[in-house]
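Participant: have a look at this fold, sequence not included:
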């Protein structure tokens, strides 16, 4: 078996009396799309925050490409190839869609201390930015629109484009379909399918159609603890999962 | 032509070109005070524009910018005092009254001061950042108040200003043109920086620190460099102010001076290129006009400020834009080839004012 | 030793005055999220109203009531007319608008009462000294200020910990949205909190009147020190405000008392006094910078 891209070992995070992450262990293999599902409040977003270095775990280790990154800052992890999207989009509201992506391209290039030259005319930034926008399927006519004027669905697409523009060796996707309409969800699913196999992904998502059609493996999180991990087929028939999660979902 | 009008830079060039004629026109209008007033405006415009790099570009609310303005001024004043007494400063730095020497030193000292204060202050954010920048400025203020050697509370007078490159700086028009030239140079620099890769990151810092971390940018060094550049600009303005007023005192770094610089930036239009210039002109002009009407001019100015903050979003540049009826983004992006210009957007998508105050 | 004790008491008295100002400022900031530079103006208004009333009527009680009423009334009016519109704005707008208010109030006082400072006598009943320790006499008036300040601290503690309004205030400082969601008339709560802060600022001002001179701009001198207190204590925390106020009061007073003397041993007298005064003035800012560098959110941060 190939070495895992991402390996989380016995991660623990407590907020006061609440244990948000409870001895969580998880592996993402090369080329794999690994879905992380669980009821609301299961600690999925907290887990992503810890993998990205935005939240410091109380215990446990995180290894990325074999290197321990548990103590690294978020920017340092991004430079090593981790990249995330946000459930609640975090975009630069005054800038155009293309500028948002171009800034991510620039961050990857590392040449931030240049005080001369018009960054908006720099083909080395604009070309990769446009390629990323193209890749996520944002229509060309929307590229020059300020983010604040984009629709929710377009902002979700843009989140993914920005994440791609950092040149990731792995993507962490925090509910990319949240709030999308049925056709938008399908389009996003297709975009992710296109990326699948090329970039390993950890996908947190509530849209079960998308999860079961995309994922190679699924891990189920309940109260911060992983109760089951396996192929979609196995998870679908796992009695523990059905009891803890899927039945509840069907009841809703 | 329309593109030219949409670009803020052409407005800057126009305003500066017209301003260059003031010393020629002032005697015709029989208003001798005008050149002095215009000089003060040009100097404050540099200081306000430097503050705008922090407030408008980086979203860093520094409440102690007058500290660097005063530092620059004191470098000129102290070097002059040692030039007169013929005793070297600290025993080895000879005094000088040559602006070619004193101004670069003032800029250097302003930059070093900003580097130290910024390095410490930028570890905090929000209100704490506002207050710690104010605290450092207050420390410098009280330091200079207590330095009896350099006049303490009363300050230092500068009686003889040496000519610079053959220019007689005691001639009001010459000094004005020098200040205006340096303002033009400074605005050019600010425009280049705003458009550069560095400027893009600074704009990103303003709009979303979390996003910047998620694309792999450690923002601290960028904020610090912006802080240093801004401090150098303010110090340059301070050096000019002391040459103009031939006087330096701790009042230059009083916290109300920091407040006035902030007022200029907001009044003119936060994050715009021309805004701080208009703001400086408006505030200096308003003070001058009101002071001519009543000695209690602050009683009128105060409420005007309140009304401007409450109701005139975007400052004077915002008003100019509304009157012009079109969007003048502070980073006017050239449209990619083959894209729809803003006027031909799909219906229902109106171009909006950039949201800055939300 | 006697001098040190006297200076310590002076420091606590200054600290108590700072606490009265800081309590209002930190509540207004913690609950409404507003930086109010004009808080010092309310201190000044309290001092002026009390001074003018004392001169006109000669009654200490009337003077006290006038100072409190003027500060609270103008405070609530200010909240209703201006501050309320700043809650949703960013800090930059708040700083600028309240900066404008300072100019207005200071110059307003010049218009009404001139630039000359007003001098206020200590109320007759509180004149004289009391022997605090054998051989050490201390002004009764200053002891009364300390007592009043401590009573206010106790009252605020009871108000915040034991009453429904206090519950809302505490919740407002940490969970602003929740209080709104509870269907409380938040606007009224805000006005009341602001009025309370203004009242305390007025109290501080009217009590400081006989010690300092009452003059335009008196609010800003103490306002900036009050901000130091609030930031050191942790924004939004009344406990932090009390702790920070006493700390700042003591540090400032002790430095002013002893630094010039220490400098005089190494340099010439008048220069030592000037430099000593300057260094002592820098002391509290240095203290704040040090606290923030170690604890960027202050000693008792209210927002967890």
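Facilitator: Perfect, I can see it now. All of these numbers come straight from a predicted model, not from anything done at the bench.
Participant: below-threshold pLDDT in the stretch 151-252 of chain A: ranges please.
Facilitator: A:245-252 (pLDDT under 70).
Participant: would you mind measuring from the residue of chain A found nearest chain C to residue A:58?
Facilitator: Here chain A gets closest to chain C at one residue, residue A:16, 8.3 Å apart by CB to the nearest CB. Every C-beta, even on glycine, is put in place using the N, C-alpha and C of the backbone. Applying CB to CB, to the nearest Å, the value for residue A:16 to residue A:58 is 12 Å.
Participant: more neighbours: those two, which one.
Facilitator: Set side by side, residue A:16 and residue A:58 show more neighbours around residue A:58, with 14 against 6, by other CB atoms under 10 Å in any protein chain shown.
Participant: residue B:173: neighbour count?
Facilitator: Residues lying near residue B:173 (other CB under 10 Å) number 16.
Participant: would it count as being in a helix?
Facilitator: Yes. Assigned with DSSP: H, G, I helix; E, B strand; the rest coil, residue B:173 falls within a helix.
Participant: looks like it contacts residue B:34 (just checking).
Facilitator: No. Between residue B:173 and residue B:34 there is no contact under CB atoms under 8 Å: 10.7 Å.
Participant: which parts of the stretch 1-150 of chain C sit against chain B?
Facilitator: Applying CB under 8 Å from any CB of the partner chain, one finds that the stretch 1-150 of chain C approaches chain B through C:29, C:35, C:82, C:85-86, C:89-93, C:95-97, C:99-108, C:110-111.
Participant: hmm, try it at 7 Å
Facilitator: C:35, C:82, C:85, C:89-93, C:95-97, C:99-101, C:103-104, C:106-108, C:110-111 (CB under 7 Å from any CB of the partner chain).
Participant: ditto for chain A
Facilitator: By CB under 7 Å from any CB, the part of chain A that sits against chain B consists of A:73-75, A:78-79, A:84, A:90-94, A:96, A:103-104, A:106-108, A:111-121, A:141, A:143-144, A:148-149, A:162, A:166.
Participant: which among those end up buried?
Facilitator: The neighbour count (16 or more other CB atoms under 10 Å in any protein chain shown) marks A:74-75, A:78-79, A:84, A:90-94, A:96, A:103-104, A:106-108, A:112, A:114, A:118-120, A:143-144, A:149, A:162, A:166 as buried among the residues of chain A next to chain B.
Participant: in strands, which of those fall?
Facilitator: Secondary structure from DSSP state E places residue A:84 of these in strands.
Participant: tell me where the stretch 101-250 of chain C has helices.
Facilitator: Ranges of helices in the stretch 101-250 of chain C, per DSSP state H, counting those that start in this stretch, are C:140-162, C:164-174, C:176-181, C:186-208, C:218-233, C:238-264.
Participant: which of those helices is buried the deepest?
Facilitator: Comparing the helices of the stretch 101-250 of chain C by mean neighbour count (mean count of other CB atoms under 10 Å in any protein chain shown), helix C:218-233 ranks first with a mean of 26.
Participant: assess the claim that residue C:118 and residue C:53 are in contact.
Facilitator: No. Judged on CB atoms under 7 Å, residue C:118 makes no contact with residue C:53 at a distance of 11.3 Å.
Participant: does residue A:59 touch residue A:12 like I think?
Facilitator: Yes. Residue A:59 sits in contact with residue A:12 when judged by CB under 7 Å, with a separation of 4.1 Å.
Participant: in a strand, that's where residue A:60 is, yeah?
Facilitator: Yes. The assignment for residue A:60 is a strand, going by three-state DSSP.
Participant: excluding chain neighbours, give the residue nearest to it in space.
Facilitator: Nearest non-adjacent residue to residue A:60, counting by CB to CB, 6 or more residues apart in numbering or on different chains: residue A:11, 3.5 Å away.
Participant: quick one: that neighbour and residue A:49 touch, right?
Facilitator: No. Look at residue A:11 against residue A:49 with CB under 7 Å: they stay out of range, at 11.1 Å.
Participant: the more surrounded of the two?
Facilitator: Neighbours were tallied for residue A:11 and for residue A:49 using other CB under 10 Å; the higher tally belongs to residue A:11 (25 against 21).
Participant: partners of the one helix or strand the more buried one maps to in the sheet?
Facilitator: Using DSSP states H and E, residue A:11 falls within strand A:6-15. Within its sheet, and counting by DSSP bridges, strand A:6-15 is paired with strand A:18-28 (antiparallel), strand A:59-64 (antiparallel).
Participant: which one of those has the poorest average confidence?
Facilitator: With a mean of 89, strand A:18-28 has the lowest mean pLDDT of these.
Participant: so who does whichever residue of the stretch 1-150 of chain B sits closest to chain A touch?
Facilitator: Nearest residue of the stretch 1-150 of chain B to chain A: residue B:59, at 10.7 Å (CB to the nearest CB). Residues near residue B:59 by CB atoms under 7 Å, 6 or more residues apart in numbering or on different chains: B:205, B:206.
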